[in-house]
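Asker: below are the sequence and a predicted model; questions follow.
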Amino acid sequence: MKRLIIILLILVSKQINSQITLEKKDYTSDFDILIESLIELHPKLYSCITKEEFDFEVKTIRKRLEAISSKSTAIYLIQELIYKLGNSHAINTSIYQEPELKFILPFSVFIIEKRLYIKNCPTDKSLNGLELLKINNTPSELLIDSLKIFFPTDGNTNVINYNLQPLFNGLYGKFCQEKEINSISTKDGDILIKSAISGDRVYDEMIFENAKAYFGENRFLKKEINEDYRYGYFQFVGFVSEYKGFKIEKDFYQFIKEANDKKLKAIIIDLRINNGGDPYLCGKMTSYLADHPFKIVEKSYITKTYKPSHIDKMGNKSIFRLRKLKSKKGDELSEIVRFEKALKITKPNKDRFKGKIYILTGTITQSSSTMMCKYLMDQENVIFVGSHQMGAVNYFWGNSHCQLNLPQLNTTFSFGLELIELKENSSKTEKPIGLTPDYLIQYSIEDRMLGIDKEMDFIKKELKK
């Protein structure tokens with residue numbers, strides 16, 4: 001009987017160990033899929049990071065992943081490396097979804113440079129506008145630096161993407177700390193504040209407000225003709241012909257026609273919340289502003305890989321069927337030379353606007369909106385106002401994207417498959433370079449709390465002159 005019990009205990013122990021083994025996720029296998037795909041498919045991978053740095057980071061992260069059981073920690077470690085690539089299109093696309101958290105910080109924030117302020121605390125309005133020196137003993141500057149990695153830039157690592165602001169409390173809970181009671185440090189001392197709990201009013205309000213601020217209710221299109229100052233204003237979310245009922249392309253052409261018919265002295269194109277879209281539409285719309293011919297793309301390159309090792313993990317396999325037909329082989333990369341209308345010359349439209357053009361830029365200005373800026377950079381009647389872009393104006397990576405669905409992490413990483421030059425041969429001699437506005441605008445917390453639009457105030461003063 002005793003021997004039978006021992007045998008049963010051994011069998012039960014083996015079964016438990018077997019279950020534990022099955023439940024343990026092998027995050028290194030997902031990491032290997034991503035790294036092998038980057039090496040095969042990312043053109044000029046070692047532009048913003050050297051091969052030596054990249055190899056060292058890969059070795060270090062892989063070793064750490066072997067000892068990690070937390071999915072969030074694993075995703076964070078991998079995204080740290082992705083951020084260092086200096087590619088605004090290389091991101092984890094899954095983290096922007098609603099966080100699966102029990103507790104989140106019960107307030108939204110303003111981020112001004114590397115300082116953190118409470119924007120709205122529904123449970124205690126007296127805290128609104130207060131500067132946060134620390135959250136749970138971690139300085140605000142370190143928190144911003146730690147979370148900005150989820151919003152990569154084209155090599156401009158000092159630029160903090162404004163998109164971090166509305167998603168801050170969800171990302172904090174997911175990748176920093178998830179606590180029921182939080183200690184916040186201010187210049188007036190420490191305060192204990194209870195988290196918003198999943199299912200209650202404050203939690204739902206925070207998630208709703210964050211989503212509204214990130215995705216926007218009214219950010220798709222805003223058009224105005226100001227008779228007092230005789231200017232026109234046009235803001236749009238991206239280069240898409242139609243979106244959620246907004247006819248962006250059609251309304252833009254109508255806007256230019258109205259500006260010409262009314263002989264306005266200036267128009268304002270607001271790209272502060274514009275994160276790109278269709279480059280061909282960007283070229284068409286820019287032709288109504290440009291006074292010179294331009295190419296949408298000077299040159300474009302892809303890697304020589306014909307069939308990726310992990311094509312079964314890719315969400316858009318079909319892009320590899322024809323991509324080689326478009327290119328010719330080079331020394332390191334294949335250059336796209338055929339079937340690409342972006343390489344053709346775009347001429348100024350005969351109905352273009354010829355008055356003063358103000359372009360508003362911000363940290364969300366990237367991809368195709370950066371391209372519009374590049375085409376207009378040296379034009380005498382164009383003035384750039386705002387803050388630094390996260391996008392580059394000489395070259396960046398984009399277009400057909402590799403979307404890798406990693407099974408163990410149950411998450412998706414994405415990166416552009418084409419190296420796009422807006423300045424010919426720039427990728428051979430330069431790092432990615434962002435646009436510095438002609439007039440750099442900076443905000444204080446008082447400006448933000450009052451909802452002041454300093455870019456527009458500046459332009460109105462200029463128009464009065």
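Answerer: That came through fine.
Asker: mind listing what residue 107 touches?
Answerer: By CB atoms under 8 Å, 6 or more residues apart in numbering, the contact set of residue 107 is 118, 119, 120, 121, 122, 127, 169, 193, 206. Where C-beta positions appear, they are placed from N, C-alpha and C, glycine not excepted.
Asker: of those residues, buried ones?
Answerer: Among these, those scoring as buried are 118, 119, 120, 121, 127, 169, 193, 206 (criterion: 16 or more other CB atoms under 10 Å).
Asker: among those, which are located in strands?
Answerer: 118, 119, 120, 193 (DSSP state E).
Asker: how about a markdown table for those residues, with distance to residue 439 added?
Answerer: Shown next, in a markdown table, are these (distance: CB to CB, whole Å):
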| residue | distance to residue 439 |
| --- | --- |
| 118 | 29 |
| 119 | 26 |
| 120 | 30 |
| 193 | 39 |
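Asker: mind picking the two most distant members of those residues?
Answerer: Based on CB to CB, the longest span within these runs between 119 and 193 and measures 14.5 Å.
Asker: picking up where we left off before, quick check: of the contacts of residue 107, which lies closest to residue 31?
Answerer: Using CB to CB, residue 169 is the member of the contacts of residue 107 that lies nearest residue 31, at 28.1 Å.
Asker: quick check: phi and psi on the closest residue to the closest one other than its chain neighbours?
Answerer: Once flanking residues are discounted, residue 169 sits nearest to residue 105: 3.9 Å by CB to CB, 6 or more residues apart in numbering. Residue 105 adopts backbone torsions of phi -60, psi 140, taken as degrees, to the nearest 10.
Asker: show me what contacts residue 105?
Answerer: For residue 105, the contact set (CB under 8 Å, 6+ apart) comprises 135, 168, 169, 172, 173, 182, 195, 196, 206.
Asker: buried ones among the residues you listed?
Answerer: 135, 168, 169, 172, 173, 182, 195, 196, 206.
Asker: pop out the phi and psi values for the first one.
Answerer: Residue 135 has phi and psi values of phi -120, psi 120 when expressed as degrees, to the nearest 10.
Asker: if you skip the residues just before and after it, what's nearest to it?
Answerer: The shortest distance from residue 135 to any non-neighbouring residue, by CB to CB, 6+ apart, is to residue 184 (5.6 Å).
Asker: then the last one?
Answerer: Among residues not flanking residue 206 along the chain, residue 196 sits closest, at 5.5 Å (CB to CB, 6+ apart).
Asker: ok, what's across the strand from the one you found?
Answerer: Beta-bridge partners of residue 196, counted by DSSP bridges, are residue 104.
Asker: just the contacts of residue 105 now: which is nearest residue 150?
Answerer: Nearest to residue 150 among these, with distances taken as CB to CB, is residue 168, at 10.5 Å.
Asker: list the contacts for that closest one?
Answerer: Residues in contact with residue 168 (CB under 8 Å, 6+ apart) are 105, 108, 109, 111, 147.
Asker: residues near the last one, how many?
Answerer: By the other CB atoms under 10 Å criterion, the neighbourhood of residue 147 contains 20 residues.
Asker: on the three-state scheme, it is what?
Answerer: helix (DSSP: H, G, I helix; E, B strand; the rest coil).
Asker: gap between it and residue 317?
Answerer: Distance of residue 147 to residue 317, given as CB to CB, to the nearest Å: 33 Å.
Asker: how far does stretch 285-296 sit from its chain's centre?
Answerer: 26 Å (CA atoms, centre = their mean, to the nearest Å).
Asker: what's that stretch in contact with?
Answerer: By CB under 8 Å, 6+ apart, stretch 285-296 touches 239, 249, 252-253, 256, 269, 279-280, 282-283, 341-349, 351-354, 357, 371-372, 375-376, 379, 381-382.
Asker: hang on, the earlier thing: for the residue nearest to residue 169, give me the pLDDT.
Answerer: Confidence at residue 105, expressed as pLDDT, is 94.
Asker: could you do the one 10 residues further on as well?
Answerer: Per-residue confidence (pLDDT) for residue 115: 95.
Asker: same question for the one 10 residues further on.
Answerer: pLDDT, the model's per-residue confidence, is 93 for residue 125.
Asker: now swap in residue 315 and tell me
Answerer: As predicted, residue 315 sits at a pLDDT of 85.
Asker: and the residue nearest to it when sequence neighbours are not counted, helix, strand or coil?
Answerer: Nearest residue to residue 315, sequence neighbours excluded (CB to CB, 6+ apart): residue 403, at 3.8 Å. Counting by three-state DSSP, the backbone at residue 403 sits in strand.
Asker: likewise for residue 332?
Answerer: coil.
Asker: what's the burial count for the residue nearest to it when sequence neighbours are not counted?
Answerer: Closest residue to residue 332 in three dimensions, ignoring its sequence neighbours and counting by CB to CB, 6+ apart: residue 44, at 7.7 Å. For residue 44, the neighbour count with other CB under 10 Å is 16.
Asker: repeat that for the one 5 residues further on.
Answerer: Residue crowding around residue 49 was assessed by other CB under 10 Å; the count is 19.
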